[in-house]
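Colleague: Here is the input, now give the coordinates:
(one chain, ligands or ions: 2)
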Amino acid sequence: MSNPSILILAGDGIGPEVMGQVTRIIDWFGHKRGLTFDVSEDLVGGAAYDAHGTPLHDDTMAKAQEVDAVLLGAVGGPKYDDLDFSVKPERGLLRLRKEMDLFANLRPAQCFDALADFSSLKKDVVAGLDIMIVRELTSGIYFGEPRGIIEEGNERVGINTQRYTESEIDRVARSAFELARRRGNKVCSMEKANVMESGILWREIVQKVHDEDYPDVELSHMYADAGVMQLCRWPKQFDVIVTDNLFGDLLSDAAAMLTGSLGMLPSASLGAPMANGRPKALYEPVHGSAPDIAGQNKANPIACILSFAMALRYSFDKGDEADRIEKAVENVLANGVRTADLMPSAGETPATTRDMGDAVLAELDKTL
Ligand code: IPM
Ligand code: MG
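Modeller: Residues are numbered from 1 along each chain as shown. Ligands and ions are numbered 1, 2, ... in the order given. This next block holds a predicted model:
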């Protein structure tokens, strides 16, 4: 059998730096664990625009459809702010999500003990936090039609459309219930059924899927605004949160900050199973391209490293190897290794991106 394949799209800003550390970890698994991947690399976002005039070349899109998993760094940067909307770096990422039909975006927010002090919330509110946001990723207001900026009378109007079909809600709800069964067995669904018809339908379908096929899972519903408030008040009340594309975007940034740093959080975007049984999949850190620190060897590579761990778990059925990475990261943090985003104490020199990679590799070696 041939090796499983990975396409790396490092992208823009800090993407290439943090991905550089992931490449070292992939190599480690090849040398030390006999887990060899066929890795190829290509461009996305501004990097692809610079080379091809498009944020995602058709050939790259085709490759992404063929591989077992895509690892993405980050897209975007101020250099591209004035580009036409249709070729902005973000469009490359959105096209991957849409054409691969990656409808279930898993965004775990876990607070490592060693970092509980870095959260802007009190330590007892976040210590031991382990929640999973399942964000719908291929529909809703991100993709709904009509959209655009039109002339109306003597002024312009900006239009976007929130739109969800029953089947789109059904499938992401199933992903959330399946995940919950393997965790704390609780799902909280968030929408704005008080003001949006799409929210009314969302609530109805999630409840129906629950009643028909997942009655054993505890289900609750919350308006998304109250959800954000509860997430800040007492996040440990949640296990799995399932929500739409836009609310999920907001909620996952808020959840990320609970854990102390956006530089820590990985994500998996999963679609339907391919012919080989593996889901269509793209893994990426939740953080963006951080142009202000790009190219300075300062960025925290942990979110990207943990995204590779998610790939091992969800694409390659190697949950124990994913645990190995997660444990290594936990140890590194417990040992006090801190990149600049983790606010090392005054007078301490922060670890560089590469130092953090070294530290994780050293901990991985210790597990052998
Ligand atoms: C995210 C990001 C993206 C989004 C951007 C970069 C298009 O914020 O993955 O959360 O809005 O989905
Ligand atoms: Mg976001």
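Colleague: mind checking pLDDT for the nearest residue to Gly260 once chain neighbours are set aside?
Modeller: Spatially, and ignoring its direct neighbours in sequence, Gly260 is nearest to Phe118 (3.4 Å; C-beta to C-beta, 6 or more residues apart in numbering). To be clear about C-beta, it is placed using only N, CA and C from the backbone, and glycine gets the same treatment. On pLDDT, Phe118 comes in at 82.
Colleague: what's the neighbour count on Phe118?
Modeller: Around Phe118 there are 19 other residues, counting by other C-beta atoms under 10 Å.
Colleague: Same check on the one 5 residues further on?
Modeller: Neighbour count for Lys123, taken as other C-beta under 10 Å: 12.
Colleague: Disregarding residues adjacent in the polypeptide, which is nearest to it?
Modeller: Per C-beta to C-beta, 6+ apart, closest to Lys123 is Ala116, 4.6 Å.
Colleague: A strand includes the one you found, no?
Modeller: No - Ala116 sits outside any strand when classified using DSSP: H, G, I helix; E, B strand; the rest coil, being helix.
Colleague: wait, what's in contact with it?
Modeller: Lys123, Val126, Ala127, Gly260 (C-beta atoms under 8 Å, 6 or more residues apart in numbering).
Colleague: Looking at the residue of the stretch 51-200 of the chain found nearest ligand 1 now. What's its pLDDT?
Modeller: For the stretch 51-200 of the chain and ligand 1, the shortest gap (C-beta to the nearest ligand atom) falls at Glu90, measuring 3.9 Å. At Glu90, the model reports a pLDDT of 96.
Colleague: The helix or strand harbouring it: what's the following helix or strand?
Modeller: Counting by DSSP states H and E, the element that carries Glu90 is helix 89-99. Where DSSP H and E defines the elements, the next helix or strand beyond helix 89-99 is strand 104-110.
Colleague: contacts for that following strand?
Modeller: 129-137, 171-172, 175-176, 179, 235, 248, 252, 255-256, 258-259, 265-271, 286, 310, 314.
Colleague: Take those residues and, keeping just the buried ones, write it as a PyMOL select command.
Modeller: Listed next is the PyMOL selection for buried residues among the contacts of strand 104-110, using 16 or more other C-beta atoms under 10 Å:
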select buried, resi 129+131+132+133+134+135+136+137+171+172+175+176+179+235+248+252+255+256+258+259+265+266+267+268+269+270+271+286+310+314
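Colleague: Mark which of the contacts of strand 104-110 are part of strands, please.
Modeller: 130-136, 266-271 (DSSP state E).
Colleague: any idea how far stretch 27-47 is from the chain center?
Modeller: 19 Å (C-alpha atoms, centre = their mean, to the nearest Å).
Colleague: wait, stretch 85-102
Modeller: 15 Å.
Colleague: Pull out the buried positions in it.
Modeller: Within stretch 85-102, the residues that count as buried by 16+ other C-beta under 10 Å are 87-89, 91-100, 102.
Colleague: try stretch 288-304
Modeller: So for stretch 288-304, counting by 16+ other C-beta under 10 Å, buried means 288-291, 293-294, 298-304.
Colleague: and of the residues you listed, the nearest to ligand 1?
Modeller: Gly288 (6.1 Å).
Colleague: just to revisit the earlier point, now the buried members of the contacts of Ala116.
Modeller: Val126, Ala127, Gly260.
Colleague: List the ones among those residues that fall in helices.
Modeller: Val126 (DSSP state H).
Colleague: ok, which stretches of the stretch 251-368 of the chain are helices?
Modeller: 302-314, 319-334, 353-366 (DSSP state H, counting those that start in this stretch).
Colleague: Buried ones in the second one, by neighbour count?
Modeller: Applying a neighbour-count criterion of 16+ other C-beta under 10 Å, one finds Glu321, Ala322, Arg324, Ile325, Glu326, Ala328, Val329, Glu330, Asn331, Val332, Leu333 buried in helix 319-334.
Colleague: what mean pLDDT does it have?
Modeller: 96.
Colleague: can you check the last one too?
Modeller: The predicted model gives helix 353-366 an average pLDDT of 98.
Colleague: Against which helices or strands is that helix packed?
Modeller: Contact analysis of helix 353-366 by 3 or more C-beta pairs under 8 Å, 6 or more residues apart in numbering; DSSP states H and E lists helix 15-33, helix 302-314, helix 319-334 as its packing neighbours.
Colleague: In CSV, list those helices along with distance to Gly77.
Modeller: Shown next, in CSV, are these (distance: least, C-beta to C-beta, whole Å):
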stretch, distance to Gly77
helix 15-33, 10
helix 302-314, 17
helix 319-334, 27
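Colleague: Tell me which of the helices of the stretch 251-368 of the chain approaches ligand 1 most closely.
Modeller: helix 302-314 (11.6 Å).
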